[in-house]
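Student: test case, fold it:
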Amino acid sequence: MTDRANAPEDTADRRSLADVAVAVAAALLAATLFYVDSSEPRGIVDGIGYPAVVALSARFGRSPMLGTAFFCSLLGIVAHFVLPPGGVGESGELANRAFGLAAIWIVAAVLLRRLRVEEAVAERTAILRRDQSILARIVREGLVAEKPFLERIRCVTEISSEALEADLTVVFRFAENGKLTTCIDAYQASTGKHFALMDIRTEDTPTYDGLIRNNYTVAVSDMHRTGAFGARLLMVNTLDIRASLNIGILSGSELAGQIAYARIGQPHDWTEQEIAFARSVGNLLTIMFAGEEREQLQERLRQAVRLEAIGQLAGSVAHDFNNILGAILGFAGFLVQDLPADGEPHVFASRIMAAAERGKAQVNKVLSLARGKDPDLPPLAAAAAAAGREAPKGGERVLVVDDEPDILDAMVIGLERLGYSPVGVSDPHEALAAFGEDPQALDIVVTDLVMPSLRGSELIRRIKAIRPDICAILCTAYSDGAKTGNEHVDGADASFHKPVNAAAISACIQELVRRTGTKP
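Tutor: As a prediction, this is how the structure comes out:
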């Protein structure tokens, strides 16, 4: 670090020594030329060597170089009056001396032009380095720093406003597919305060917005000489804005917003360097806008994941509750059937049924919300259940498969009471094995969907592989996308959401028998 710190000092010392050497050489050369020019006969020198002195003095800048040119011209003129006679004639000597003076000023003019170019390059380089430094600061404080989006935008407006000496700096965002311009931040340099400007409908300023959309850059030296601002003129006149520089902020190939720099009270001709700097700021804002959009997308993704997790939890809870409610409804329904209608136990059993039905409705709402459906739509299974209360008794042989013992017993007992010949199995593998031994011994398969050892949909697929014409009904208490009612799901001929009673299954069986023409 010490060597690096000392390096600029060493360079400066060497340059100082070189400057001294050049100055001494120029002075000695000028003195020598004057001595020879004023002491030798006419025509020996006549001021011809002075342009070299002028060229050497150009090292020190325009003023020293012009001063040296004047000084050398004076020496050439003075030498004419003090030189001894001899050599060429006086007219020839004057012609030569005029040529020498012309040479001095031709060299001075060429060097002056060169110095001006070098100064312009040096100035542009200094501005470029300054802008790069400011942009690096914007990146550090506005792009990289862990700050809220609005705070980072404010860093950009403050820093870039100072760099461009803007009285007002505003960042706009386009909303509603570009139809509305909203102000994210407005910064006033004189007060150092941030505020918000009113929203503007872009259709109110078609000419201006056409310019910004086509070119992404609009530099206006004097607002009073342009009519391309439409409704924005109210804001322009209120704030006394005279000059503005507007840069588009992109999102892909679309315009997402703009940053505007304004000078108040007087016109201003925006330089190429200022426009280039403002465009660089616009590019940084494009990155910031993209970062904010990415963060919003990530937040929506996180929200979707959270909602999905909540839905899965709700579905899991609803699955368990549906099984519990199914058992309550099944066995309470048997009590309603068996108890005397005028007795108090019958009333209690009916109230249990009613409470369970209300619970069933609430669980259906939870399932609908978990699936993103309207919870107020009545499930088709309920309609089928209502129809099943008056369904004719059948004699079909029904294989019932469910890993919940209470649900299995309630369905078997319910179907028996309706005149069916049900066989209940809690293990789907055992049910498959039993079916495989005598496929013609059964007419209908009623199976749960979610079982630990084998899903009901897979059980139906394997059973239909053995006997394709057998009718299968799928029941599920879980929100995994299964449909309700007499809709085909996973190879089933009909499907229901639990809790579903034996009457609804009976109605469905009779419909399937009528449709397929099968008889036990």
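
Student: neighbours of residue 354, how many?
Tutor: 11 (other Cβ atoms under 10 Å). (Each C-beta comes from the backbone N, C-alpha and C, glycine too.)

Student: pLDDT on the helix or strand where it lies, on average?
Tutor: For residue 354, the element it lies in under DSSP states H and E is helix 344-370. For helix 344-370, mean pLDDT rounds to 75.

Student: so which other helices or strands are in contact with that helix?
Tutor: Contacts defined by 3 or more Cβ pairs under 8 Å, 6 or more residues apart in numbering; DSSP states H and E place helix 344-370 against helix 272-338.

Student: can you give me the helices in the stretch 151-300 of the chain?
Tutor: 206-215, 232-239, 272-338 (DSSP state H, counting those that start in this stretch).

Student: and the angle from the longest one to helix 344-370?
Tutor: Interaxial angle, helix 272-338 versus helix 344-370 (axes from the mean of the first three to the mean of the last three Cα atoms, to 10 degrees): 160 degrees.

Student: what sits against residue 251?
Tutor: By Cβ atoms under 8 Å, 6 or more residues apart in numbering, the contact list for residue 251 reads 286, 289, 290, 293.

Student: buried ones only from the residues you listed, please, as a PyMOL command.
Tutor: Those of these that count as buried under 16 or more other Cβ atoms under 10 Å are selected in PyMOL with:
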select buried, resi 286+289
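
Student: would JSON lines of the contacts of residue 251 with pLDDT and distance to residue 434 be doable?
Tutor: Below are those laid out as JSON lines (pLDDT from 0 to 100; distance: Cβ to Cβ, whole Å):
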{"residue": "286", "pLDDT": "90", "distance to residue 434": "68"}
{"residue": "289", "pLDDT": "88", "distance to residue 434": "65"}
{"residue": "290", "pLDDT": "86", "distance to residue 434": "62"}
{"residue": "293", "pLDDT": "81", "distance to residue 434": "59"}
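
Student: out of the contacts of residue 251, which comes closest to residue 188?
Tutor: Comparing those against residue 188 with Cβ to Cβ places residue 289 closest, at 22.9 Å.

Student: returning to that earlier point: just put the helices of the stretch 151-300 of the chain in JSON lines and tack on distance to residue 457.
Tutor: Listed next are the helices of the stretch 151-300 of the chain as JSON lines, based on distance: least, Cβ to Cβ, whole Å:
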{"stretch": "helix 206-215", "distance to residue 457": "54"}
{"stretch": "helix 232-239", "distance to residue 457": "63"}
{"stretch": "helix 272-338", "distance to residue 457": "16"}
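
Student: where does the chain have low pLDDT?
Tutor: 1-12, 42-47, 85-88, 177-178, 202-214, 226-235, 319, 367-394, 477-490, 517-520 (pLDDT under 70).

Student: report the central residue of it.
Tutor: residue 293 (2.1 Å; Cα atoms, centre = their mean).

Student: what's the spacing between the nearest residue to that one once chain neighbours are set aside and residue 13?
Tutor: Distances taken as Cβ to Cβ, 6 or more residues apart in numbering place residue 251 nearest to residue 293, at 6.9 Å, with adjacent residues excluded. Using Cβ to Cβ, to the nearest Å, we find residue 251 at a distance of 53 Å from residue 13.

Student: likewise for residue 293?
Tutor: Taken as Cβ to Cβ, the span from residue 293 to residue 13 is 54 Å.

Student: over to residue 132?
Tutor: 28 Å.

Student: again with residue 344
Tutor: 114 Å.

Student: with residue 496 instead?
Tutor: In terms of Cβ to Cβ, residue 496 sits 95 Å off from residue 13.

Student: more neighbours, these two?
Tutor: Set residue 496 next to residue 13 and count neighbours by other Cβ under 10 Å: residue 496 wins out with 31 against 10.
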